[in-house]
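Enquirer: predicted coordinates and the sequence they were generated for:
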Amino acid sequence: MKQRFGQFVFKRLPIVYKLSAASVIIILLALLVLLYGGGLVTSPSLRLPVVLVLAAILTCLSTWFLVGRYVKRPVDEVIDGMDRLAEKEFDFRLIEDEDEEVEFSELAISFNEMASMLSSSLHELKKSQDYQRSIVESSADIIITVNPSGKIQTINAGTEKTLGYRRIELIGQPIEMIFANPDDRNRALAKLGDDDNLANYQTKFVTKDGGVRDVLLTLSQLRNDTGAVIGTIGISKDITRELRLQKELIQSQRLAAIGEVATGIQHTMKNMLNACKGGAYMVRLGLRKDNRKMLVEGWEMVDEGITRLTDMSQDMLKYVREFRAHTNRVDIRGILSEIQRVTAQSAADKGVKLQLDVPDGLPEVVCDSSMIHSTVLDLVSNSIDACLWKEYADSESPEVTMSAATAGDGRDFMIEVKDNGCGMAKDVQERIFTPFFSTKSKAGTGLGLSIVARMIDVHGGKIDVESEPDQGTRIRVTLPVDGTDGK
């Protein structure tokens, strides 16, 4: 545009000079005729000065007229057009007059092209801004921008709807006013990573009417081209309803679990009481017939039922209590060795060989030694029972093996109890840690493995089961070597 304007002015000047020169010649000729022909100036010495003065005056006047006509007016039109564009009159255009000279016509065309491009660019920019603004406004999430001084700059319709404020009530106010705990915003800013972003920070917002909304805040810092912070933008999702539904679901699950436990208790107690009733009947019959054998057999049935009821009550007390691990660094190898020492003989009396396979040099584990002892002892006891329920070929004998090793680059400690007993089907494996589920139809309470699972969970560990019918079972307990602060 500047180049064309310069070319326009440069090309105009020769035209002005020519017209001015022509005008001066005409005027001088006229004056010479007037002066010498009319005798207006009689003194010969004054004629030439008078002619020169008059010629200079008329030349200036003609030059001023021609410059104003052919240069100043078009330039003023261009300047006026630029001023109008600066005042956002983007529809303004210069008149492309065919009667004008070529140079000004080209200048008008160039100006109009520039104005059209500017108008088109601004239209596209406005269209893009409107589109982005509509996205922000249509979002149900709370979207707020904050300036570097901590004052709210913009909010969207989702903010108004969720918090109940109008824009005029929030804009310009400190952002801390919407936090239930004002310090939460500073905590969120302190958690911003190297990428200036923080995702899903759970906090609480206060509504205009004093209500509290649980939200997940995603916070980002805004920077300009030089890297300076120019503000923050927070996008918060209202999760109040989701948390309420989650609590209701947990409550319903607890009620369902209570119902399941109550059903299990009723079923187990019914079986035990039926055994006691059967024994009592035999005792009465033995007394009536004076049959000592029947009397003893009946009493053994009653005694077994009472023992099982006692065991179940003790297991229930274990199950419902809150487990708290009293941890210190423990040599697991020592625990396994102790279990083998006290169990190997009773297992051998049942025809089961109990082996220990633990290498030297294993690290000590931060755990509750009594809980781990109880856990492994229950697993070994179950494995011995599983061996008793299988008929072995002549080439095979019942065996249970305890082993230990590290995993996860030394961060985890694994304890395995493996047997070659009756094994379990897939559906049984999925239920063995369920309260009151037992494969021991008469001898078990169904709480042993569920208690084991809770003890391992308290330690931040996990239990894996691998089993095939008639192929045996492998149960692996994994514990963090350095314990956990999560429980």
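Expert: Received, thanks.
Enquirer: so who does residue 238 touch?
Expert: By C-beta atoms under 8 Å, 6 or more residues apart in numbering, the residues touching residue 238 are 140-142, 162, 213-215. Using the backbone N, CA and C atoms, a C-beta is placed for each residue, glycine as well.
Enquirer: what about 7 Å?
Expert: When contacts are counted by C-beta atoms under 7 Å, 6 or more residues apart in numbering, residue 238 touches 142, 162, 213, 215.
Enquirer: ok, the first one to residue 178 distance?
Expert: Between residue 142 and residue 178 the distance is 9 Å, computed by C-beta to C-beta, to the nearest Å.
Enquirer: let me see the domain layout of this protein.
Expert: By the assignment in automatic domain parsing, the chain contains the domains 2-122, 139-238, 244-320, 328-480.
Enquirer: which of these sits closest to residue 133?
Expert: Proximity to residue 133 (C-beta to C-beta) singles out domain 139-238 among these, at 8.9 Å.
Enquirer: now the strands for the protein?
Expert: Secondary structure of the chain by DSSP state E: the strands cover 142-146, 152-155, 197-206, 212-223, 229-238, 328-330, 353-357, 365-367, 399-407, 412-419, 462-468, 472-480.
Enquirer: check which helices and strands the second one is in contact with.
Expert: Applying 3 or more C-beta pairs under 7 Å, 6 or more residues apart in numbering; DSSP states H and E, one finds that strand 152-155 contacts strand 142-146, helix 167-170.
Enquirer: for the shortest one, which helices and strands make contact with it?
Expert: Applying 3+ C-beta pairs under 7 Å, 6+ apart, we find helix 167-170 packed against strand 152-155.
Enquirer: one step back: among the strands of the chain, which is the most enclosed?
Expert: Highest mean neighbour count among the strands of the chain (mean count of other C-beta atoms under 10 Å): strand 365-367, with a mean of 25.
Enquirer: direction included, what does that strand pair against?
Expert: strand 328-330 (antiparallel) (DSSP bridges).
Enquirer: return the distance of the partner strand from the chain's centre.
Expert: Using C-alpha atoms, centre = their mean, to the nearest Å, the mean C-alpha position of strand 328-330 is found 37 Å from that of the whole chain.
Enquirer: same thing with stretch 278-291?
Expert: With C-alpha atoms, centre = their mean, you get 71 Å for stretch 278-291.
Enquirer: can I get the CA coordinates of that stretch in PDB?
Expert: Extracted C-alpha coordinates of stretch 278-291, given in PDB (Å, rounded to 0.1, in the frame of the first residue of the first chain):
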ATOM      1  CA  GLY A 278     -29.300 -85.500  65.900                       C
ATOM      2  CA  GLY A 279     -26.800 -86.100  68.700                       C
ATOM      3  CA  ALA A 280     -29.400 -85.100  71.400                       C
ATOM      4  CA  TYR A 281     -31.900 -87.600  69.900                       C
ATOM      5  CA  MET A 282     -29.300 -90.400  70.000                       C
ATOM      6  CA  VAL A 283     -28.500 -89.500  73.600                       C
ATOM      7  CA  ARG A 284     -32.100 -89.700  74.600                       C
ATOM      8  CA  LEU A 285     -32.600 -92.900  72.700                       C
ATOM      9  CA  GLY A 286     -29.400 -94.400  74.300                       C
ATOM     10  CA  LEU A 287     -30.700 -93.400  77.700                       C
ATOM     11  CA  ARG A 288     -34.100 -95.000  77.000                       C
ATOM     12  CA  LYS A 289     -32.500 -98.200  75.800                       C
ATOM     13  CA  ASP A 290     -29.600 -98.100  78.200                       C
ATOM     14  CA  ASN A 291     -27.300 -98.300  75.100                       C
END
